[in-house]
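J.: Pasting the sequence and the predicted model now:
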Amino acid sequence: MYRLLRAPLQPVTYSRWLHLCVPALLVALWMFIGPEMPWVPLLIAAPLGLVPWVRLVEGLQARFLLTPHDWDRSESAISAVPSKRWNDRWRTLLWLEVRFVLAAGAWVPTVWLPALTVELVSIAMGHPLGGDLMLPFAPPRWAAALLVPVPLVLLVAIVVLLGELITAIARRLLGPSAAERLTALEERTEQLLERNRIARELHDSIGHALTVAVVQAGAARAAGDPEFTDRALSAIEETGRAALEDLERVLGVLRESGQRPSQRPTLVEADRLLESARASGAAVDAQLTGPLDTLPGPVTREGYRILQEALTNVLRHCGPVPVRVRIEMARGRLDLEVSNPLPAGPALTHGGGSGLRGMRERAALLGGEAETGPYEGSWRVRARLPLERIR
């Protein structure tokens with residue numbers, strides 16, 4: 001009862017009423033052309049339901065008028081895409097037929113009940129309408145005055161019930177099919193993977209730049225040597241410029257959803273990371289074996305980020321310590337290993353943060369593996385990335 005009383009104040013009541021009246025207007029127009037054949041509109045609607053784009057039009061109209069509260073939601077219960085399978089076309093055809101039938105059922109009370117209200121008002125005011133009356137008899141004026149709101153209440157109740165019914169049918173017949181739900185799920189998964197990848201990119205790039213800047217600034221202040229300070233500032237400037245380039249590239253991807261990341265750094269530029277670590281005071285012993293410039297794009301890009309995160313963790317957690325870097329193109333895979341001595345004191349576990357998890361995720365996405373943890377008195381990061389399946 002409370003819901004019925006609130007219905008006249010809800011915009012969705014009138015939008016659903018409009019949705020019911022649109023095909024009713026077409027039916028009423030046809031009644032002036034061929035009243036002896038009222039079933040013709042149903043025949044005309046049948047072949048239209050088999051047209052793929054009709055489902056898109058009907059879905060958009062149903063979303064806008066029947067469920068305006070979730071009009072722009074991607075997970076709406078009403079689909080708004082063309083029919084791709086015959087099952088969707090048959091459902092659209094059935095929807096059009098049901099819609100015409102319900103529209104005809106809504107048209108009669110929409111016309112008859114307001115007219116009945118006008119007739120009751122005229123009788124209550126003592127000026128009954130002439131001609132044929134809709135009422136079988138003329139009630140007394142006091143009875144007519146009491147009955148005036150009844151047709152309007154009936155009209156609201158009918159509109160609300162038919163609106164709920166047509167909305168439920170729309171969700172059933174115009175709702176996404178299993179194939180469409182699977183496609184939407186795949187798109188959602190791609191979006192989440194892309195967001196996670198962008199988060200990893202920002203974490204690795206910006207985290208590396210800030211770590212180098214902090215280590216360099218602290219070393220320069222402790223050294224008190226103008227020449228060392230100049231080298232530290234140069235390293236901070238170079239690392240910061242590279243981080244800004246990465247940031248601009250990632251922000252460009254976020255601004256334009258259809259744009260794919262481009263010009264990401266690769267292992268060919270590994271010397272930049274090694275020199276940045278050396279400039280921060282770390283003694284880097286690097287051995288790069290094989291034609292790294294021939295690596296598949298995904299492998300060389302993800303390998304660069306794994307190396308960057310590994311060196312960042314060394315500087316952040318251990319400071320300027322000796323670092324051993326080995327990158328080798330073995331048979332069918334790329335081996336990457338970064339190790340450094342653990343500092344004295346409590347055992348260092350490097351936490352279990354997003355950096356280590358990001359390295360493992362990068363390797364797993366390529367079908368490889370990444371191991372991180374203590375190894376023979378050192379902290380070791382070892383990644384193995386397959387080449388053949390990527391090619």
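T.: Nice, I can see it.
J.: From residue 78, how far out is the residue lying closest to residue 18 once chain neighbours are set aside?
T.: Nearest residue to residue 18, sequence neighbours excluded (C-beta to C-beta, 6 or more residues apart in numbering): residue 65, at 6.0 Å. Using the backbone N, CA and C atoms, a C-beta is placed for each residue, glycine as well. Noted for residue 65: a distance of 10 Å to residue 78, by C-beta to C-beta, to the nearest Å.
J.: close enough to count as contact, the residue nearest to residue 18 and residue 16?
T.: Yes - in terms of C-beta atoms under 8 Å, residue 65 counts as a neighbour of residue 16; the distance is 6.4 Å.
J.: Flag every buried residue along the helix or strand hosting residue 22.
T.: Assigned by DSSP states H and E, residue 22 belongs to helix 11-33. Within helix 11-33, the residues that count as buried by 16 or more other C-beta atoms under 10 Å are 12, 13, 16, 17, 19, 20, 21, 23, 24, 27, 30.
J.: OK, contacts around the first one?
T.: Contact partners of residue 12, counting by C-beta atoms under 8 Å, 6 or more residues apart in numbering, are 66, 67, 68, 69, 163.
J.: could you measure the fourth one against residue 15, distance?
T.: So that's residue 69. 10 Å.
J.: Could you do the last one as well?
T.: For residue 163, the distance to residue 15 equals 9 Å [C-beta to C-beta].
J.: Then the second one?
T.: From residue 67 across to residue 15, the span is 9 Å (C-beta to C-beta).
J.: May I have the helix holding residue 22 as PDB, with CA atoms only?
T.: In PDB, the C-alpha atoms belonging to helix 11-33 read as follows (Å, rounded to 0.1, in the frame of the first residue of the first chain):
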ATOM      1  CA  PRO A  11       9.600   9.400 -12.100                       C
ATOM      2  CA  VAL A  12      10.000   5.800 -13.100                       C
ATOM      3  CA  THR A  13       6.200   5.300 -12.900                       C
ATOM      4  CA  TYR A  14       5.700   7.800 -15.700                       C
ATOM      5  CA  SER A  15       8.600   6.600 -17.800                       C
ATOM      6  CA  ARG A  16       7.300   3.100 -17.700                       C
ATOM      7  CA  TRP A  17       3.800   4.400 -18.500                       C
ATOM      8  CA  LEU A  18       5.300   6.100 -21.600                       C
ATOM      9  CA  HIS A  19       7.100   2.900 -22.600                       C
ATOM     10  CA  LEU A  20       3.700   1.100 -22.500                       C
ATOM     11  CA  CYS A  21       2.000   3.900 -24.500                       C
ATOM     12  CA  VAL A  22       4.500   4.100 -27.400                       C
ATOM     13  CA  PRO A  23       3.300   0.900 -29.100                       C
ATOM     14  CA  ALA A  24      -0.200   1.600 -28.100                       C
ATOM     15  CA  LEU A  25      -0.100   4.700 -30.200                       C
ATOM     16  CA  LEU A  26       0.900   2.700 -33.200                       C
ATOM     17  CA  VAL A  27      -1.900   0.200 -32.600                       C
ATOM     18  CA  ALA A  28      -4.400   3.100 -32.200                       C
ATOM     19  CA  LEU A  29      -3.100   4.600 -35.500                       C
ATOM     20  CA  TRP A  30      -3.600   1.300 -37.200                       C
ATOM     21  CA  MET A  31      -7.200   1.100 -35.900                       C
ATOM     22  CA  PHE A  32      -8.100   4.100 -38.000                       C
ATOM     23  CA  ILE A  33      -6.600   2.400 -41.100                       C
END
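J.: Show me the domain layout of this protein.
T.: 2-176, 182-386 (automatic domain parsing).
J.: Show the average pLDDT along the shortest one.
T.: The average pLDDT within domain 2-176 is 80.
J.: Please state the offset of it from the chain centre?
T.: 34 Å (C-alpha atoms, centre = their mean, to the nearest Å).
J.: Same check on the longest one?
T.: In terms of C-alpha atoms, centre = their mean, the centre of domain 182-386 is found 29 Å from the chain centre.
J.: Check which helices and strands whichever strand or helix holds residue 113 is in contact with.
T.: Here residue 113 sits within helix 86-124, counting by DSSP H and E. Helices and strands touching helix 86-124, by 3 or more C-beta pairs under 8 Å, 6 or more residues apart in numbering; DSSP states H and E, are helix 11-33, helix 40-48, helix 52-66, helix 141-147, helix 149-173.
J.: if we go to 6 Å?
T.: Packing partners of helix 86-124 (3 or more C-beta pairs under 6 Å, 6 or more residues apart in numbering; DSSP states H and E): helix 11-33, helix 40-48, helix 141-147, helix 149-173.
J.: Among these, which comes closest to residue 246?
T.: Between residue 246 and the helices and strands packed on helix 86-124, the tightest spacing by C-beta to C-beta is seen for helix 149-173, at 45.0 Å.
J.: re earlier: ok, the contacts of residue 12 vs residue 240, which is closest?
T.: Nearest member of those to residue 240, counting by C-beta to C-beta, is residue 69, at 47.0 Å.
J.: Next one: the residue nearest to that closest one when sequence neighbours are not counted relative to residue 165, how far apart?
T.: Nearest-residue entry for residue 69: residue 12, 7.2 Å, with adjacent residues in sequence omitted and distances by C-beta to C-beta, 6+ apart. According to C-beta to C-beta, residue 12 stands 14 Å off from residue 165.
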